[in-house]
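Novice: sequence and predicted structure below; questions after.
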Amino acid sequence: MDSSTENVTILAGTITDVLKRYQSKSMHKELFEISENYDLSDPFNQVPIHVYNDMCKWIETKMGKFNLIKIGGEVGESAYSMLMDDKLISGNEQPFELMKALQISASKGVEDPKKRGWEILNHEEKSIIMRKTQTFNGVIQLGLLRSLIEKSGAERVRVTFHQEVSKGDDFDEYLITWR
């Protein structure tokens, strides 16, 4: 995977979604310092993606993977609202349709000269394999993907790594299953 972040930006709203969980600036000073030099007042401002990734890494290291996955679910809630606002979905989508909308939304919310984002590698009646080609933190995506698929009404949603960059694979790939 091309892990370069040069000239790659993400919406400030995504950064504030991550920070919402940590309201106490004094208790999580280091986390808030990561984004302190950027204007987060407008959710549509662009912020370097390394800020987002540095925040995710801090949370994963200091607070644990579970906390980062939980935040991913909250980011997924915001992503779903954005998909609705942008009229990419109407609220009655099946899992595959939600993942198609995620692809489109990610290409708009992340400015990347290399056009990296999400790919759907495979989809069947009760499963999808998604590949992340963007430099987003891999762990937070577990919660984001689960949250989005649950919005389809699917039950017993499970998201696991199918392949993992941290284990030497070329890309993070996610196996999403449901009933």
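Specialist: Nice, I can see it.
Novice: the closest residue to Pro48 other than its chain neighbours bridge partners, please.
Specialist: Closest residue in space to Pro48, ignoring its immediate chain neighbours: Thr9 at 5.7 Å, by Cβ to Cβ, 6 or more residues apart in numbering. C-beta here means a position set from N, CA and C on the backbone, and glycine is covered the same way. Beta bridges link Thr9 to Pro48, Glu111 when assigned by DSSP bridges.
Novice: gap between the residue nearest in space to the middle of the chain and Lys29?
Specialist: Closest to where the C-alpha atoms of the chain average out (Cα atoms, centre = their mean) is Gln141, at 4.6 Å. Applying Cβ to Cβ, to the nearest Å, the value for Gln141 to Lys29 is 26 Å.
Novice: and Gln163, by the same measure?
Specialist: In terms of Cβ to Cβ, Gln163 sits 36 Å off from Lys29.
Novice: next, count neighbours for the residue nearest to Arg156 when sequence neighbours are not counted.
Specialist: Distances taken as Cβ to Cβ, 6+ apart place Arg179 nearest to Arg156, at 4.5 Å, with adjacent residues excluded. For Arg179, the tally of surrounding residues (other Cβ atoms under 10 Å) stands at 8.
Novice: for Arg179, what are its contacts?
Specialist: Listed by Cβ atoms under 8 Å, 6 or more residues apart in numbering, the contact set of Arg179 reads Lys126, Ala154, Glu155, Arg156.
Novice: now pLDDT, secondary structure and distance to Thr5 too, for those residues, in CSV please.
Specialist: Output for the contacts of Arg179, formatted as CSV (pLDDT from 0 to 100; DSSP: H, G, I helix; E, B strand; the rest coil; distance: Cβ to Cβ, whole Å):
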residue, pLDDT, secondary structure, distance to Thr5
Lys126, 97, coil, 35
Ala154, 95, coil, 33
Glu155, 95, coil, 37
Arg156, 97, coil, 35
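Novice: show me where pLDDT drops low in this structure?
Specialist: Applying pLDDT under 70 to the chain flags the ranges 25.
Novice: in the longest helix that it contains, what's buried?
Specialist: Longest helix of the chain, by residue count under DSSP state H: helix 65-85. Applying a neighbour-count criterion of 16 or more other Cβ atoms under 10 Å, one finds 67-80, 82-83 buried in helix 65-85.
Novice: ranges for the strands of the protein?
Specialist: Applying DSSP state E to the chain gives strands spanning 9-11, 46-48, 110-111, 118-124, 127-132, 158-163, 172-177.
Novice: contacting residues around the shortest one?
Specialist: Residues external to strand 110-111 that are found in contact with it (Cβ under 8 Å, 6+ apart): Asn7, Val8, Thr9, Ile10, Leu11, Gln46, Ile49, Arg116, Gly117, Gln134, Phe136.
Novice: isn't the fifth one up against Pro48?
Specialist: No: counting by Cβ atoms under 8 Å, Leu11 sits too far from Pro48 to count as a contact (11.7 Å).
Novice: thanks again, I'm all set now.
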